[in-house]
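Undergrad: coordinates only, sequence not included:
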């Protein structure tokens, strides 16, 4: 028996110019954070900007390390920073800008599996979706209404 358990909902904007002002502003914060990423090994820079319910924006960027597993992705840096600085304040959305000057992206890059799971933990904890805005280089912006859309069969607190 074949059964569809999950489908991905995306809104695709042809460029940043089509975004609502709040989303465009958040994406600009992610782009600014991307500039300061520490990525000397991969040269793949990622910036993330988290918008909280209280209107605060918290940024993060990837931080590489010669011992690769010791680095951290931009999304987790931003989300953990938000959680530490504003405990209990729900996250509305996260804008993520990713790319490399060596190899320009032709489409937005979604968060890695570790980041999806980490963001899902916050989504699950706050019992409300976290919207994602994804940009890779210049061009199209993908908008996903919930991180759970990118993480089918997510592992959550109900399993523990």
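TA: Arrived safely, thanks for sending. Nothing here was measured: the structure is a model prediction, and the numbers come from that model.

Undergrad: could you use CA atoms for every contact and neighbour count after this?
TA: Noted.

Undergrad: okay, now the unreliable bits of the chain?
TA: The chain contains residues with pLDDT under 70 at 5.

Undergrad: run the last query once more with 80
TA: Along the chain, segments meeting pLDDT under 80 span 2-7, 101-104, 137-138.

Undergrad: all strands for it, in order.
TA: Remark: strands assigned in the chain by DSSP state E are 11-13, 45-52, 57-61, 91-99, 131-136, 141-144.

Undergrad: any chance of JSON lines for those strands, columns distance to residue 80 and mean neighbour count?
TA: As requested, those are arranged in JSON lines below (distance: least, C-alpha to C-alpha, whole Å; neighbours: other C-alpha atoms under 10 Å):
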{"stretch": "strand 11-13", "distance to residue 80": "27", "mean neighbour count": "14"}
{"stretch": "strand 45-52", "distance to residue 80": "10", "mean neighbour count": "28"}
{"stretch": "strand 57-61", "distance to residue 80": "9", "mean neighbour count": "25"}
{"stretch": "strand 91-99", "distance to residue 80": "11", "mean neighbour count": "26"}
{"stretch": "strand 131-136", "distance to residue 80": "16", "mean neighbour count": "25"}
{"stretch": "strand 141-144", "distance to residue 80": "21", "mean neighbour count": "24"}
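
Undergrad: closest one to residue 3 among those strands?
TA: Comparing the strands of the chain against residue 3 with C-alpha to C-alpha, the closest turns out to be strand 141-144 (22.9 Å).

Undergrad: ok now that closest one, how far from the chain's centre?
TA: 10 Å (C-alpha atoms, centre = their mean, to the nearest Å).

Undergrad: what are the pairing partners of that strand, and which direction each?
TA: strand 11-13 (antiparallel), strand 131-136 (antiparallel) (DSSP bridges).

Undergrad: what's the closest of the ones you listed to residue 151?
TA: It is, among the strands paired with strand 141-144 and with distance given as C-alpha to C-alpha, strand 131-136, at 12.5 Å.

Undergrad: picking up where we left off before, which of the strands paired with strand 141-144 sits closest to residue 36?
TA: Nearest to residue 36, of all the strands paired with strand 141-144, is strand 131-136, at 16.1 Å by C-alpha to C-alpha.
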